[in-house]
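Sequence plus the predicted model coming up.
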Amino acid sequence: MLYREAGQFKSTYAEDMQIFPIRQDRIGVILLLAVAFLVVPFVATQYWFSALLIPFLVLSLATLGLNILTGYAGQISLGTAAFMAVGAFMAYNAELRIPGMPLLGSFIIGGLCAAAVGVVFGLPSLRIKGFYLAVATLACQFFVLWAINRVGWFTNYSSSGVISAQKMVILGYTFDTPASKYVLTLSIVVVLALLAKNLMRSETGRAFMAVRDMDVAAEVIGIPMMKTKLLAFAISSFYCGVAGALYAYCYLGTVEPEAFVLDLSFRVLFMVIIGGVGSIMGSFVGAAFITLLPIFLNLATEVIANTFDIEISHAVVSNAELMIFGGLIIFFLIVEPNGLARLWQIAKEKLRLWPFPH
Amino acid sequence: MTFFIEVLAGGLLAGVMYSLVALGFVLIYKASGVFNFAQGAMVFLAALTFVSLLEMGWNFWLALLVTLVVMVGVGVLTERIVLRPLVNQPPITLFMATIGLTFVLEGLSQMVWGSQPHGLELGIADVPMEWLSEKWNINISKFDLFAAAVAGVLVASLAVFFQKTRIGRALRAVADDHQAALAVGISLQHIWAIVWAVAGFVALVAGMMWGVRNGVQYALTFTALKALPVLILGGFESVPGAIIGGLIIGASEKVAEVYLGPYVGGGIESWFAYVIALVFLLVRPQGLFGEKIIDRV
């Protein structure tokens, strides 16, 4: 009853082609965005912005990027963090070296450079598949970090390899409070997410899915394999690159290459798998889950320590958190291998019939 | 020239160490199609357990036996708790599950044994062989040769186990074709538990060797990352591939580090192996000895 698309007739092409064809979806998205833009900036605390919301949004963008590659085009990549690093450091350099460069322009340059790197390291995907490809993308991960560490130009010859993001100024307004950074991040993420949602139902998106489902068959029906796979790598890396730039500018502020180690790649991959492979919404849910889980575990151990009045050493806590994190991931994979997005699908089916299931 | 030989020999022997880790991956991948990322954590767990027991004053063989029991237990439990519910899931899901397992094992081993680094002594000093350095002026570590010998014995005994025993035949049958193996009455669950146990044993050997070389510490888990290029070079399904891949990677990495490193600022061993493997894969997508990839539409 609550979620029923019956009776929603489309009388124009524009209506038929809109991104969210179901009225309930539209209302839901608009409400969500209204809350995110108009309510959250005024009610959330500093801690919420800088420790929860901004990393969540930035990592959702990276997850979205990886999901385009892994979920839609079917190519596994373990180099996400490297693409993010390229985005972060190239955005920094663009802002530093090109006078009068607008901030968003630097972000886009960062994204484009990441896309270029992505295309180069996507080349092996034309020959190899599956885990061979996954391991091959690790080459990108290690090579990029090594290059950033070794070549002084990337870090503006800072001796420690640490860069400090410049002030963010757009049209004379300085984004320096956590709330304003949050709004900036949110705007970029929303625009890119809507673009991705739109792209995935276009010819390009369908070509990606055809390649994912069976690449030989896709080639037989006339989908250019090389173009499609490399485009998937380019778009995915662009998203990751922009996410990396946001990670540096809006979240961390000062960045060292070690912020983009393999661990981050794995975390993003977890977000994709837990959220739902091949689902835009799943990227956000997965990112929220993986970002919140460690914080929740941290709080839980504190509460346990306080209620039972026991002294738990720091090492034990961090190891226990590691174990629980791993255990929960295994648990989720066993219980819902299709990700949290699948739960939402089931809920939708139930809502369609509720309260009179037959 | 002697210097080159020395570098090459050092590289080959280092490659043997990579092969030891890669072997564990291959065994599990062959039998169950799972790309077990947790192998590095298993190496760490085995080495840490063994060295901690030794430091508690246990007898060498007793410690070895108990560690072996622990590793077999971990293998069997993994099969039981993680793999069995995930049967028929796509390989990427299984891969993610093993990454989760990595976290669990790392947390577990550090929670039980603490996270401070340990030194490990097996009674073989990590010093150059005297007669080699006297006669030809080549420095090759005694311990490296010992590790190579251990790897040789390990591979030989695994080969005998696979070729001559009933369980080994069953393992090969499962690796060939799951359904056919089931049809002739081989229990997949049993086989998987055995394979994980054997992989645990291999992890123990690898952990001891790496532990002597670099000390038993958290960094041992990164040995898995060293083994991955070896794997794709040699092919995921091939034991000889793991050995030969390891030798190639080890040798070329050392030679490149010595002769190419100074020109690009050093530290290239973190990625050089991957690039070799990558270039190699462009020519032969299934690796050296991997099964030929046949696409059926």
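Right, received. Where do you want to start?

Just the element for the residue of the stretch 51-200 of chain B found nearest chain A, please.
Per Cβ to the nearest Cβ, the residue of the stretch 51-200 of chain B with the smallest distance to chain A is B:F103, at 2.9 Å. Where C-beta positions appear, they are placed from N, C-alpha and C, glycine not excepted. Using DSSP states H and E, B:F103 sits in helix B:91-113.

Also B:L122?
B:L122 belongs to no helix or strand when assigned by DSSP H and E.

what about it, neighbour count?
If you count neighbours by other Cβ atoms under 10 Å in any protein chain shown, B:L122 ends up with 15.

still on that earlier bit, so what does the helix holding B:F103 touch, helix or strand wise?
For helix B:91-113, the helices and strands in contact under the criterion 3 or more Cβ pairs under 8 Å, 6 or more residues apart in numbering or on different chains; DSSP states H and E are helix A:130-150, helix A:262-275, helix A:314-335, helix B:39-55.

So for it, mean pLDDT?
For helix B:91-113, mean pLDDT rounds to 86.

Equivalent analysis for stretch A:45-62, please.
The average pLDDT within stretch A:45-62 is 90.

pLDDT below threshold where in chain A?
By pLDDT under 70, the weakly predicted segments of chain A are A:1, A:311-312, A:358.

B:G168: helix or strand, and which one exactly?
Take DSSP H and E as the rule and B:G168 turns out to sit in helix B:166-176.

ok, and what's touching that helix?
By Cβ atoms under 8 Å, 6 or more residues apart in numbering or on different chains, the surrounding residues in contact with helix B:166-176 are B:30-32, B:160-162, B:180-181, B:184, B:186, B:188, B:191, B:194-195, B:237.

and if you look at stretch A:287-299?
Taking contacts as Cβ under 8 Å, 6+ apart, the residues outside stretch A:287-299 that touch it are A:51-52, A:55-56, A:59-60, A:62-63, A:267, A:270-271, A:274-275, A:317, A:321, A:324-325, A:328, A:340.

Which of the contacts of helix B:166-176 fall in strands?
Under the assignment DSSP state E, the contacts of helix B:166-176 contribute nothing to strands.

of those, buried ones?
By the neighbour-count criterion of 16 or more other Cβ atoms under 10 Å in any protein chain shown, those include these buried positions: B:30-32, B:162, B:181, B:186, B:188, B:191, B:194-195, B:237.

Can you lay out the residues you listed as a markdown table showing distance to chain A and pLDDT?
Listed next are those as a markdown table, based on distance: Cβ to the nearest Cβ, whole Å; pLDDT from 0 to 100:
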| residue | distance to chain A | pLDDT |
| --- | --- | --- |
| B:K30 | 13 | 81 |
| B:A31 | 16 | 79 |
| B:S32 | 13 | 77 |
| B:F162 | 23 | 81 |
| B:A181 | 22 | 85 |
| B:I186 | 25 | 87 |
| B:L188 | 18 | 82 |
| B:I191 | 21 | 85 |
| B:I194 | 22 | 87 |
| B:V195 | 18 | 87 |
| B:E237 | 11 | 79 |
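
Determine which stretch of the helices and strands packed on helix B:91-113 is the most buried.
Each of the helices and strands packed on helix B:91-113 was given a mean neighbour count from mean count of other Cβ atoms under 10 Å in any protein chain shown, and the largest, a mean of 26, is that of helix B:39-55.

and that helix, what other elements does it pack with?
Using 3+ Cβ pairs under 8 Å, 6+ apart as the contact criterion, the secondary-structure elements in contact with helix B:39-55 are helix B:2-32, helix B:60-77, helix B:91-113, helix B:188-214, helix B:223-234.
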